[in-house]
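S.K.: please find the sequence and the predicted model below.
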Amino acid sequence: MNKREILREYFTGCNGWTLENIEQLKRAGFNNRFAEENCNLWEEIHWTLDPYVATLPPEIVQMQHDHYKHRKPFGEYYNIVAPTAVIQEVNNDLNRLAKSIKLSKRAKGSKLIMMKQY
């Protein structure tokens, strides 16, 4: 899983996990180590990205969603949603944050970890 895949899953909501869901799963316990590893991964992703995304205007968050879900280029949003420099700075910050997330050996070697409720 690379930083682009992390951001795509985060902004499109494909993982279906929120911090509340993760806490419920932790309280219920895990039936295998992969479930726990996936849960810990998505918990770290949310801890890393949520505080930053919460500071962004809704238009920028929607732009990220459209980019990752519908493959709309960021160029379509330059100087419409925000100045070009702002959009580029947000993208750089998100890429830096996604890159800072510690991945397990299994997650690094995996093309994509599909999340499902265990």
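M.R.: Good, I have the coordinates.
S.K.: give me the mean pLDDT for whichever strand or helix holds residue 96.
M.R.: Secondary-structure element containing residue 96, defined by DSSP states H and E: helix 84-100. When pLDDT is averaged over helix 84-100, the result is 96.
S.K.: stretch 70-81 now?
M.R.: Rounded mean pLDDT across stretch 70-81 is 93.
S.K.: so how far is that stretch from its chain's centroid?
M.R.: When C-alpha coordinates are averaged (Cα atoms, centre = their mean, to the nearest Å), stretch 70-81 and its chain have centres 19 Å apart.
S.K.: same thing with stretch 56-75?
M.R.: 13 Å.
S.K.: quick one, longest helix in the protein?
M.R.: helix 33-54 (DSSP state H).
S.K.: buried residues in that helix?
M.R.: Residues 35, 37-43, 45-46, 48-49, 53 are the ones in helix 33-54 that count as buried (16 or more other Cβ atoms under 10 Å). C-betas here are computed from N, CA, C, even on glycine.
S.K.: next, the angle from that helix to helix 84-100.
M.R.: Relative orientation of helix 33-54 and helix 84-100, computed by axes from the mean of the first three to the mean of the last three Cα atoms, to 10 degrees: 160 degrees.
S.K.: tell me which other helices or strands helix 33-54 touches.
M.R.: helix 3-12, helix 19-28, helix 84-100, helix 105-109 (3 or more Cβ pairs under 8 Å, 6 or more residues apart in numbering; DSSP states H and E).
S.K.: which positions in the third one come out as buried?
M.R.: Which is helix 84-100. 87, 90-91, 94, 97-98.
S.K.: likewise for stretch 74-81?
M.R.: Here stretch 74-81 shows 74, 77, 81 as buried, counting by 16+ other Cβ under 10 Å.
S.K.: the residue lying closest to residue 52 once chain neighbours are set aside: what's it in contact with?
M.R.: Distances taken as Cβ to Cβ, 6 or more residues apart in numbering put residue 97 closest to residue 52, at 6.0 Å, once the chain neighbours are dropped. By Cβ atoms under 8 Å, 6 or more residues apart in numbering, the contact list for residue 97 reads 48-49, 52.
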